[in-house]
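Sequence first, predicted coordinates after that:
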Amino acid sequence: MENKMKAFYDVVIIGSGFGGAVTACRLAQAQRDAGKPVSVCVIERGRRYHMGEFPRNLWRSKDWWWDKEGQRGWTGLFDYRRLGEIDVIAGAGVGGTSLIYLDVQIEAFDTVWDTSGPEGNRRWPQSVGWREEMPRYYEKVRKMMRPTPVPNPPLKTLALKASADSIDQAQRFRLLDLAVYWGKPGVRHPDPYDRGGPPQTGCEYCGECYIGCNSHSKNTLDLNYLWMARQAGAEVYSMHKAVGIVQNKDDHPQHPSGYTVHFEDLRWNRSGSVSAGKVIFSAGAVNTTELLLRAKYGYRQRRKRFDPTLPNLSDMLGMYFSGNGDFGAIGFETNRNVSPNRGHTITGVLDYSDHFDGSGFFIEEGGIPDLIRAHFRRKPGGLSHARYVWSRLRSLLGSHGGHDLLRGLLDFMDYDTTRDALMFLIMGIDTADGKMTIDEEGRLEIQWNTTANRTFFRTIEKTLRDLVEGPPPALDGNLFLNPTWSMQKQLITVHPLGGCPMGDDDTKGVISSEGEVYNYPNLYVADGSIVPSALGANPSMTIAALAERISEKLIEKGIA
């Protein structure tokens, strides 16, 4: 049961993902340890999920999809947004995208810290020695998330390794560190890390990692950073969607140098506001940038005009958007038993970070949730039934994105014969030159330069064909690319970055290297939006490490 929200806090944090969870934890702990009353509030648009509460009924669309700004019951787990030239998938819920991410905890490519954009300038603030500083913050994240490799690699992991061996690339394969409690499969432990945390169950290798782990085997943020934040005294309010922010006037009774955040309580369909001396935006690259673009430029909804509330935000707002090189493909009819429904969704990687003149990439293997496979196996007809389900899904999902992707997958996949299919999840160093804007009604749009990235993606395609289509001892299969790319050159990313990039001044970024927004003291951003380049590797660990650094700088300034 959530307490009643107060009107004033020292800190209000918008969002509970890898930025918001970290800052909530560290700031609440600092206040507690200093003997001060803890005054940290987190507002999260999505639901709180307890063990066993993630959706599993394929037909209950509102349980799966976040849509219509969370109105009329559309408060599901997945937020799929079509944003012009690129589509974005994010999570909604207490714990943010950690609820649906694939647990990979890995540092950014070493070349990232020297990234220069097409315009020739160095992207990361030059006032910081990132190579020297970041290892300490990465280590903090490791101690909290406890990542380790899969102890019993499944068949699909071995298939990925075999594909590399067959083209003399064995040295590129390794197991990834995953934030998972392996334990004894299916056995519940009351406190697996002996730190006063919640009960978790040993991973059952069910492949349901990205549709919400109902056994709490995944070390999602609600089971560590947010758990510790609440233990320290922070308050976390679910189903509260931030809709705007204003800077308080000098005569404000509580926070004359602070801000007031306006929100909608989706549970009771009512509006509210909360004031704080410091506000931290941590709603993710898409939602944080959209909220701040609305604050900078204003917007119109129906007949009502909302004037700008933070007009002096840097003109760099919306710049340096990156999809982190996200790309997807499947190898069909391979000569191996892959069993993609068995095992953790990602376990291994082929590391090409040294490839392609610094614009390297990772190739990771993926999987299919056993829930979906089991559903189709119970039905007669295989592919014909899958096509029937496609038509039903299309009618149920209405205007949701992803139709081309799902149609393409169902055209190729018979769920009775997927045992030899190997999924590939790729990410890397794209140009990070996308631009995020809003239309007159405040809806986000992304201008993404596909042409500038085509050489990068063609290199990935060629590498995948070598891995999949080579004759024995290679996989001797058929490569199927994400149909939204092969048909329309439309990309889908689950790792959006940029929009509120950090920089050495307000001509180079929206925030300082310490997370504070230029021209607006006591306003901070700590999430993937602050990253001014692609990261190459799965970005969650770097986002969390940057949030650890921002938290430390805030504490040094006297938040405690």
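Alright, I've got the coordinates. Note that the structure is a prediction, hence the values are computed from the model and not measured.

Spell out the residue ranges of the helices in this protein.
20-33, 61-64, 130-145, 155-166, 225-232, 284-297, 370-377, 383-397, 403-412, 450-469, 483-488, 540-556 (DSSP state H).

who does the longest one touch, helix- and strand-wise?
The contact analysis (3 or more C-beta pairs under 8 Å, 6 or more residues apart in numbering; DSSP states H and E) places helix 450-469 against helix 155-166, strand 327-332, strand 361-366, strand 422-428, strand 478-481. Heads up, the C-betas are built off the backbone N, CA and C, glycines and all.

Let's have those in JSON lines, adding mean neighbour count, mean pLDDT and distance to residue 340.
Below are these laid out as JSON lines (neighbours: other C-beta atoms under 10 Å; pLDDT from 0 to 100; distance: least, C-beta to C-beta, whole Å):
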{"stretch": "helix 155-166", "mean neighbour count": "21", "mean pLDDT": "93", "distance to residue 340": "5"}
{"stretch": "strand 327-332", "mean neighbour count": "23", "mean pLDDT": "90", "distance to residue 340": "9"}
{"stretch": "strand 361-366", "mean neighbour count": "25", "mean pLDDT": "95", "distance to residue 340": "7"}
{"stretch": "strand 422-428", "mean neighbour count": "24", "mean pLDDT": "94", "distance to residue 340": "6"}
{"stretch": "strand 478-481", "mean neighbour count": "19", "mean pLDDT": "88", "distance to residue 340": "13"}
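
Of all those, which one is nearest residue 252?
Residue 252 lies closest, by C-beta to C-beta, to one member of these: strand 422-428, at 44.1 Å.

Listing partners with orientation, what would you give for the closest one?
If you go by DSSP bridges, strand 422-428 pairs up with strand 327-332 (antiparallel), strand 361-366 (antiparallel).

could I get those strands as a markdown table with distance to residue 355?
Shown next, in a markdown table, are the strands paired with strand 422-428 (distance: least, C-beta to C-beta, whole Å):
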| stretch | distance to residue 355 |
| --- | --- |
| strand 327-332 | 14 |
| strand 361-366 | 7 |
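
what about the ones you listed, which gets the closest to residue 114?
strand 361-366 (17.3 Å).

quick check: angle from the closest one to helix 155-166?
140 degrees (axes from the mean of the first three to the mean of the last three C-alpha atoms, to 10 degrees).

how about the strands in the stretch 151-300 of the chain?
Taking DSSP state E, counting those that start in this stretch as the test, the strands found in the stretch 151-300 of the chain are 173-175, 188-189, 200-201, 235-237, 240-247, 259-265, 270-281, 299-301.

if you average pLDDT over the longest one, what comes out?
This means strand 270-281. Mean per-residue pLDDT for strand 270-281: 97.

Report all helices and strands that that strand contacts.
Short answer (3+ C-beta pairs under 8 Å, 6+ apart): strand 270-281 packs on strand 8-14, strand 40-43, strand 240-247, strand 259-265, helix 284-297, strand 523-525.

okay, those in TSV with mean pLDDT, distance to residue 109 and mean neighbour count next?
Listed next are those as TSV, based on pLDDT from 0 to 100; distance: least, C-beta to C-beta, whole Å; neighbours: other C-beta atoms under 10 Å:
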stretch	mean pLDDT	distance to residue 109	mean neighbour count
strand 8-14	97	29	25
strand 40-43	98	31	27
strand 240-247	97	32	20
strand 259-265	97	35	20
helix 284-297	98	18	25
strand 523-525	98	23	26
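
quick one, which of the ones you listed is nearest to residue 461?
helix 284-297 (25.8 Å).

In contact with the nearest residue to residue 277 once chain neighbours are set aside, which residues are there?
Of all residues not flanking residue 277 in the chain, residue 258 sits nearest, at 4.4 Å (C-beta to C-beta, 6 or more residues apart in numbering). Residues near residue 258 by C-beta atoms under 8 Å, 6 or more residues apart in numbering: 247-248, 252, 275-279, 522.

Quick check, pLDDT for the residue nearest in space to the middle of the chain.
Against the mean C-alpha coordinate of the chain, by C-alpha atoms, centre = their mean, the closest residue is residue 97 at 4.5 Å. At residue 97, the model reports a pLDDT of 96.

Report the beta-bridge partner residues of the nearest residue to residue 12 once chain neighbours are set aside.
Ranked by C-beta to C-beta, 6+ apart and with sequence neighbours excluded, the top spatial neighbour of residue 12 is residue 276, at 3.8 Å. On the basis of DSSP bridges, residue 276 is bridged to residue 9, residue 259.

count of neighbours near residue 276?
24 (other C-beta atoms under 10 Å).

what's the spacing between residue 186 and residue 494?
28 Å (C-beta to C-beta, to the nearest Å).

hang on, the earlier thing: let me know the closest of the contacts of residue 258 to residue 300.
Closest to residue 300, out of all of the contacts of residue 258 and judged by C-beta to C-beta, is residue 247, at 21.4 Å.

From residue 128, how far off is residue 556?
15 Å.
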